[in-house]
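Novice: Pasting the sequence and the predicted model now:
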Amino acid sequence: MRSTLGYVARPSIDPRPLVGRRVSLRYRLPAGRPGARYSDAVGDLDRDGDRWLVHTRRGPIVVDPAAVVAVRAVPPPRPRRAPLDAVAALERVCAAGWPAQVTEHLGDWLLRAAGGFSGRANSALAVGDPGLEVPDALAEVQRFATRHGVAPRAQVVQTTPWEAAVQRAGWAVDDTGPVSVQVALLPDITDGPHGGGAEIEVTDAPTPDWWQLVAGTTRPGESQRAVLLGGVVGFGLARIDGEVVGAVRAALVDDWVHLARLAIDPARRGRGLGRALTAAASDWAQQRGARHAVLQVSLHGTAAWRVYSTLGFTEHHSYRYWAPPGRE
């Protein structure tokens, strides 16, 4: 028998196949209580001896097996985005860890240009209050972009009032796709493996092989050098038999390390080199006083997602780029 709520109700309910999953469990309340006869518990299903335990957001609920009326699996909850002030603060950390060649402040917004090298360094970081009406602020974004020879773009955190205001102004999402901002505690990362059959080191200066892997050239241009050398930076390298097969960039910003440009020789992928480089860069940063790590990874980058998720990174928020009408 199926209820209107989608539960499967049977004379004898057996929730055991759903242990460890998120469920909605309907159970009978003790007889004699005023009001409703049934209640629902939504959360991860577990066992407590011979009773059922549902870990809800408000705490665990223990249910006698004889009281279970129905149970069904439900999707995981939508992740809760961090408060806007925390999102803005972390976006500014990321901007400092990936410094544009030219920057101008527009209220809380940051206008950036770097000769077209990377979206982050060639867009307006539109978080907070620009000090103008948003359509007027976006017009300033366009004028700045024209002056510096880059396409007008705004980097805006998803599902925020900032994004809603940019959309109301008539701008449109471009086709590069969303980017996830991931965070982790450094001790969790440095517990990761440092193997992969490679020699790993983090140096104070980039080598030609490092440039080749992260920028596709051994002769970087002025914009590339401004972005990738800006700040206090460590240059991670992985070598196998003397050959550089992996690289990463680590930039210190206060008690954060901003990790970027993880690159592995295609012929050497699948050997744990990405994990080893990330862990080594995190260890380098922790020795210099950093406590947290942050990185920005495209939601289309499935290989990078796998590396970072196994090292304890979780999503803090996500953003995407917006463009003026007719320039998506």
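Specialist: Perfect, thanks for sending it.
Novice: who's in contact with residue 324?
Specialist: Listed by CB atoms under 8 Å, 6 or more residues apart in numbering, the contact partners of residue 324 are 138, 142, 152, 170-172. For every residue, glycine as well, the C-beta is placed using N, CA and C.
Novice: Just the buried ones out of these, please.
Specialist: Buried members of these, counted by 16 or more other CB atoms under 10 Å: 138, 142, 152, 171.
Novice: what are the bridge partners for the closest residue to residue 295 other than its chain neighbours, then?
Specialist: Distances taken as CB to CB, 6 or more residues apart in numbering put residue 259 closest to residue 295, at 4.4 Å, once the chain neighbours are dropped. Beta-bridge pairing of residue 259 under DSSP bridges involves residue 250, residue 295.
Novice: Residue 259: what's it in contact with?
Specialist: Contacts here follow CB under 8 Å, 6+ apart; on that basis residue 259 touches 248-250, 278, 281-282, 293-295.
Novice: Could you do residue 299 as well?
Specialist: Neighbouring residues of residue 299 by CB under 8 Å, 6+ apart: 177-180, 305, 318.
Novice: what about the helices in the chain?
Specialist: Using DSSP state H, the helices found in the chain span residues 84-97, 134-148, 161-168, 186-190, 208-215, 222-229, 273-286, 302-310.
Novice: Take those and lay them out in a markdown table including mean pLDDT.
Specialist: Converted to a markdown table, those look like this (pLDDT from 0 to 100):
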| stretch | mean pLDDT |
| --- | --- |
| helix 84-97 | 97 |
| helix 134-148 | 98 |
| helix 161-168 | 96 |
| helix 186-190 | 80 |
| helix 208-215 | 95 |
| helix 222-229 | 97 |
| helix 273-286 | 93 |
| helix 302-310 | 72 |
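Novice: Please work out which of these is packed deepest.
Specialist: helix 273-286 (a mean of 24; mean count of other CB atoms under 10 Å).
Novice: Walk me through the domains of this structure.
Specialist: Listed by automatic domain parsing, the domain ranges of the chain are 16-73, 84-176, 181-316.
Novice: Quick check: which of the ones you listed is nearest to residue 325?
Specialist: Relative to residue 325, the nearest member of these by CB to CB is domain 84-176, separated by 5.4 Å.
Novice: How far does that closest one sit from its chain's centre?
Specialist: In terms of CA atoms, centre = their mean, to the nearest Å, the centre of domain 84-176 is found 18 Å from the chain centre.
Novice: just to revisit the earlier point, possible to save the domains of the chain as CSV with distance to residue 325?
Specialist: Listed next are the domains of the chain as CSV, based on distance: least, CB to CB, whole Å:
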stretch, distance to residue 325
domain 16-73, 42
domain 84-176, 5
domain 181-316, 25
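Novice: Residue 323 is nearest to which of those?
Specialist: Closest to residue 323 of those, according to CB to CB: domain 84-176, at 4.7 Å.
Novice: Point to the helix or strand of the chain where mean pLDDT is at its lowest.
Specialist: The helix or strand of the chain with the poorest confidence is helix 302-310; it has a mean of 72 (mean pLDDT, DSSP states H and E).
Novice: Tabulate the helices of the chain (JSON lines), appending distance to residue 105.
Specialist: Listed next are these as JSON lines, based on distance: least, CB to CB, whole Å:
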{"stretch": "helix 84-97", "distance to residue 105": "11"}
{"stretch": "helix 134-148", "distance to residue 105": "11"}
{"stretch": "helix 161-168", "distance to residue 105": "16"}
{"stretch": "helix 186-190", "distance to residue 105": "30"}
{"stretch": "helix 208-215", "distance to residue 105": "28"}
{"stretch": "helix 222-229", "distance to residue 105": "18"}
{"stretch": "helix 273-286", "distance to residue 105": "27"}
{"stretch": "helix 302-310", "distance to residue 105": "31"}
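Novice: Any idea which of those gets closest to residue 106?
Specialist: For the helices of the chain, proximity to residue 106 was assessed by CB to CB; helix 134-148 is nearest, at 5.7 Å.
Novice: Who are the packing partners of the closest one?
Specialist: On a contact count with 3 or more CB pairs under 8 Å, 6 or more residues apart in numbering; DSSP states H and E, helix 134-148 meets strand 102-106, strand 109-113, helix 161-168.
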